[in-house]
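Chemist: pasting the sequence and the predicted coordinates here, then a few questions.
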Amino acid sequence: MITTISILKKFIDFVNINLTAEIINCIIMIHFFELIKNGIGLSRIGKIKIHKSSKKSIYTPNIIIPFKQFFSNNAEFIDSFGCHDIFIISEEKYLKEEILNKRFGESFFLYTHYGTLQKFQEILEEKKEIFHNSNIIPIIPFNIPTISINKKFSENEIKNHLKNIEIILKDNPNINFGLSIKIYKDFDLFNLYISLIENNINIKILNFIDLFKNLTYYRRIIDLIKDIKENLDNNLVLMASGTIISNYLPILVYFGFDLVDSSYSLLISSNNLYESIETLLPISKIKFLPCSCLSCEGKLSKLLGEKHSTEKIDLLCYHNLLTIKNYMNKTVQYLHTEDFRNFVEKSSLNNPNFISLLRIFDKAYYNFTKNYSQLNQKNKIINCLGPSSYYRPDFNYFRNKINENFEPESWTKLIVLFPCSAKKPYSLSKSHKKFLKILRKIPEFPAIQEIILTSPLGLIPRQLEDIYPAHSYDIPVTGDWDNEEIKISSKMLIRVLNKFNKDIPIICHLNGRYLDIVNQTEKEIEHKFFYTDMKEHPTSNDSLDHLNILIQKHISSYLPDASITKENYLSNTWLRKFKKIIDFQFGSGLGTLLINNEIKYRKNKLHTKIEIFNSNTKSIIGNFEISSGKIQLAIKGAEKIAFEKDFLKYIVFDGSNISGNTLFRPGIIDFSSDLYTNDNVCIFDKEKKNVIGMGNMIVSSEFIKNTTSGRVVKLYEIKK
């Protein structure tokens, strides 16, 4: 079997490099964690290679189950947890090959010690062979008795602690470690850890103890996570331990934690508390057990009234651990297949601090979050729950992109504002079909710019109704807008309308609170607004007739620049859409270089994509993916815009040809600072003279900057 080690040794022999075994091991140890996919927020899916000799990987996010004597001898526990991915050991007696490599040989173990650092060091030395040859990682303990006297005292204590840790790390260069970190009130003391972590590549896990215990420190918690992401290798595994119950899991995963220690479940069990996901219930108050696990269906129900029962505590432990394990499974399922942000919002409703944390994170940290978040999702319905959804990162990104990249078509003669509809894309809805029927009767229909007002996205030009998230969000259409929704839409409308010539008339086919948006906008811009006489709803015959009258009256009020030629005037609706989608993805004005009247398109048989091609040369420009609302440029298409100075979606590869379906970090010598997860990206050769591949970003520019390994681009076309 070909192994990583053998491949590395063959490569070293080939290039005639003389490296020691220790350096080889260090190179191999670097690839401890691999990012598979970013989720929304800071959430991510990854895998941990638990041991260089093991075939198995542990997928993250994951829950850590405490390993105790009662569990190892309990048939029910072994039934439910025996094949679990990862356990944590806190007792030296379990550091045995019989347990680690045989009885639970398919599992991954962490070892933590609750005593002194000196005792931990002695155990490490005594059991060094176990740590070398087994699927176990020692977690260096945080054992400073107190750092709460004053900041100077705390700083000195931590510095001394880190000096001792440095000795452990240097003495054991071939063992991977986790590092426990406990932050009290002085969050900036984390800066003391940074150089230690940067200078010791065998630190693979950062274990934060009780970081989320006091959620009133919203901004400090977020600032700490931001410091980690921006200053340390993004392949470090983040672990949360301490006071954690089930309802913390979605928010912890959303904030980028890969592993969560469930040991606190043992403590709450000993305190006779029952985990119900939403909260902790005193067992004495429970009359109806809301669970069907073996404990709840079995003897636990008969022991509820017992005040002092060891058996009851054991059964509670089983239930509480199974509950948190199952809820992590549910969290991971949503992360993989559903709109995870919606799940986080719903699960946060039981804790006002979680909602506050989300809102602060969304509004104040967007420029940081967008570097790690999914900003485009496939085949997902995005349910908006209210104010907690307004500033989620993908919505913020969409609004900013329209503000930055959407430019008026030069032939625009009239602007019409419409309300949104429940069905997406809007043009498929009954109401918008009626609107379009009126507009298409006008010979100058392509000269009419349609803008749909909506919450919480703000507004959507008709040309962009088929992209994410405009084509997939859902919010109850009640007509009842709150002040924040009106503020978002009016602010965006002002910015977009100011891009158009002030002499272009604007027709408002709106009613209800939509008019509040327009009223605020009208005060800030110079355009003239004309309102349809809407006595009933927007689709009533009278309303539509008056819309038609207003359009006929004002369609010739403004005459665009006469220099516009027939060649750059686009009358086809889809060509107009493709042009604006390219601008949205790659930069304002680039759509003009790609889309003209020579361009044709055709849907595939499954109606999952639209192929865009040049009718004269028959060359493929790209494919519009209906599920994601993205245009995936072909190499021929990219070559027309990739050498423009405003094109920022590129990576420079260290070579002249590329192969395979994935581009990894070591092969990259330069990259744009404007790359985000799922962006369509062009791959240049090392001279930046040729486009040699096209792909979709797995990560962002920020990730590339802060790591030396891992997958970066999923390639879909390479030049042969």
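Modeler: Done, it's in. Numbering: from 1, shown residues only.
Chemist: quick check: domain ranges of the chain?
Modeler: Segmentation of the chain into domains, based on automatic domain parsing, reads 31-362, 406-554, 573-718.
Chemist: quick check: Asn623 is in a helix.
Modeler: No: counting by DSSP: H, G, I helix; E, B strand; the rest coil, Asn623 falls outside a helix, being strand.
Chemist: so for it, what's the pLDDT?
Modeler: Looking at Asn623, its pLDDT is 98.
Chemist: that one is in contact with Ile612, isn't it?
Modeler: Yes: Asn623 is in contact with Ile612 according to CB atoms under 8 Å; the separation is 6.8 Å. Every C-beta, even on glycine, is put in place using the N, C-alpha and C of the backbone.
Chemist: looking at these two, which has the bigger crowd around it?
Modeler: The neighbour comparison of Asn623 against Ile612 (other CB atoms under 10 Å) goes to Ile612, with 25 against 21.
Chemist: and that one, what are its bridge partners?
Modeler: Assessed by DSSP bridges, Ile612 has beta-bridge partners Tyr601, Gly622.
Chemist: mutual contacts of Asn623 and Ile612, please.
Modeler: Overlap of the contact sets of Asn623 and Ile612 (by CB atoms under 8 Å, 6 or more residues apart in numbering) consists of Ile631.
Chemist: hmm, back to that, dump the domains of the chain to TSV, plus distance to Tyr372.
Modeler: TSV is the format used below for those (distance: least, CB to CB, whole Å):
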stretch	distance to Tyr372
domain 31-362	5
domain 406-554	18
domain 573-718	7
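Chemist: figure out which of those domains is closest to Arg392.
Modeler: Nearest of the domains of the chain to Arg392, taken as CB to CB: domain 31-362 at 5.3 Å.
Chemist: wait, which of the domains of the chain is closest to Phe395?
Modeler: Closest to Phe395 of these, according to CB to CB: domain 406-554, at 5.9 Å.
Chemist: end-to-end on that closest one?
Modeler: Across domain 406-554, the terminal residues are separated by 24 Å (CA to CA, to the nearest Å).
Chemist: hang on, the earlier thing: which among the domains of the chain is found nearest to Leu385?
Modeler: Evaluated over the domains of the chain, closeness to Leu385 peaks at domain 31-362, with 5.1 Å, by CB to CB.
Chemist: per-residue confidence averaged over the closest one?
Modeler: Per-residue scores along domain 31-362 average to 91.
Chemist: list the buried ones in the biggest helix by length in the chain?
Modeler: Using DSSP state H, we find that the single longest helix of the chain is helix 310-337. By 16 or more other CB atoms under 10 Å, the buried positions in helix 310-337 come out as 312-328, 331-332, 334-335.
Chemist: so what does the residue in the chain sticking out farthest from the centre look like in phi/psi?
Modeler: Most distant from the centre of the chain: Lys553, at 48.1 Å, with distances by CA atoms, centre = their mean. For Lys553, the backbone dihedrals (degrees, to the nearest 10) come out as phi -70, psi -40.
Chemist: what's the answer for Ile65, then?
Modeler: With angles defined as degrees, to the nearest 10, Ile65 sits at phi -100, psi 130.
Chemist: distance of it from Leu593?
Modeler: Ile65 sits 56 Å away from Leu593, going by CB to CB, to the nearest Å.
Chemist: out of those two, which sits in the more crowded spot?
Modeler: Comparing Ile65 with Leu593 by other CB under 10 Å, the one with more neighbours is Ile65, at 24 against 15.
Chemist: wait, the more buried one touches Leu321, no?
Modeler: Yes: under the criterion of CB under 8 Å, Ile65 is in contact with Leu321, at a separation of 6.1 Å.
Chemist: between these two, what contacts are shared?
Modeler: Each of 81, 262 lies in contact with both Ile65 and Leu321 under the rule CB under 8 Å, 6+ apart.
Chemist: how many neighbours does Ile718 have?
Modeler: 17.
Chemist: for it, give the beta-bridge partners.
Modeler: Applying DSSP bridges, one finds that Ile718 bridges with Gly693.
Chemist: which ones are touching it?
Modeler: If you count contacts by CB under 8 Å, 6+ apart, Ile718 has them with 657-659, 692-694.
Chemist: cutoff 7 Å now
Modeler: Taking CB atoms under 7 Å, 6 or more residues apart in numbering, we find Ile718 in contact with 658-659, 692-693.
Chemist: among those, who's most crowded?
Modeler: Using other CB under 10 Å as the neighbour test, the contacts of Ile718 are led by Gly693, with 25 neighbours.
Chemist: for Phe255, see how far away that one is.
Modeler: Distance from Gly693 to Phe255, by CB to CB: 34 Å.
Chemist: wait, Ile58 sits on Phe108?
Modeler: Yes: at 4.9 Å, Ile58 counts as touching Phe108 under the criterion of CB atoms under 7 Å.
Chemist: and Gln118, that's in a helix?
Modeler: Yes: assigned with three-state DSSP, Gln118 falls within a helix.
Chemist: how near is it to Tyr676?
Modeler: As judged by CB to CB, Gln118 and Tyr676 stand 47 Å apart.
Chemist: can you check Gly637 too?
Modeler: On the measure of CB to CB, Gly637 and Tyr676 end up 20 Å apart.
Chemist: higher neighbour count, these two?
Modeler: Gly637 (27 against 23).
Chemist: how about the contacts made by the more buried one?
Modeler: Neighbours of Gly637 in contact, by CB under 7 Å, 6+ apart: 594, 621-622.
Chemist: report the buried residues of stretch 181-189.
Modeler: 181-183, 187, 189.
Chemist: please read the previous query as pertaining to stretch 264-277.
Modeler: By 16+ other CB under 10 Å, the buried positions in stretch 264-277 come out as 264-266, 268-269, 272-277.
Chemist: likewise for stretch 512-525?
Modeler: So stretch 512-525, judged by 16+ other CB under 10 Å, has buried residues 513-514, 516-518, 520-522, 525.
Chemist: ok, stretch 568-584 next?
Modeler: Buried positions in stretch 568-584, judged by neighbour count with 16+ other CB under 10 Å: 570, 574-584.
Chemist: just stretch 536-553 next, same as before
Modeler: Neighbour counts over stretch 536-553 (16+ other CB under 10 Å) mark 538-539, 543-544, 546-548, 550-551 as buried.
Chemist: looking at those, which is nearest Arg711?
Modeler: For the buried residues of stretch 536-553, the residue nearest Arg711 by CB to CB is Pro538; the value is 48.2 Å.
Chemist: may I ask which of the contacts of Gly637 has the most neighbours?
Modeler: Among the contacts of Gly637, the one with the most neighbours (other CB under 10 Å) is Gly622, at 27 neighbours.
Chemist: surely it touches Leu633?
Modeler: Yes: at 4.2 Å, Gly622 counts as touching Leu633 under the criterion of CB under 7 Å.
Chemist: ok, back up a step: the more surrounded of Ile58 and Phe108?
Modeler: Comparing Ile58 with Phe108 by other CB under 10 Å, the one with more neighbours is Phe108, at 25 against 20.
Chemist: so who does the more buried one touch?
Modeler: 50, 58, 85-86, 135.
Chemist: now do 10 Å
Modeler: 48-51, 54, 56-58, 62, 64, 84-87, 100, 134-137, 259 (CB atoms under 10 Å, 6 or more residues apart in numbering).
Chemist: bridging residues for it?
Modeler: Note on Phe108: beta-bridge partners Ile86, judged by DSSP bridges.
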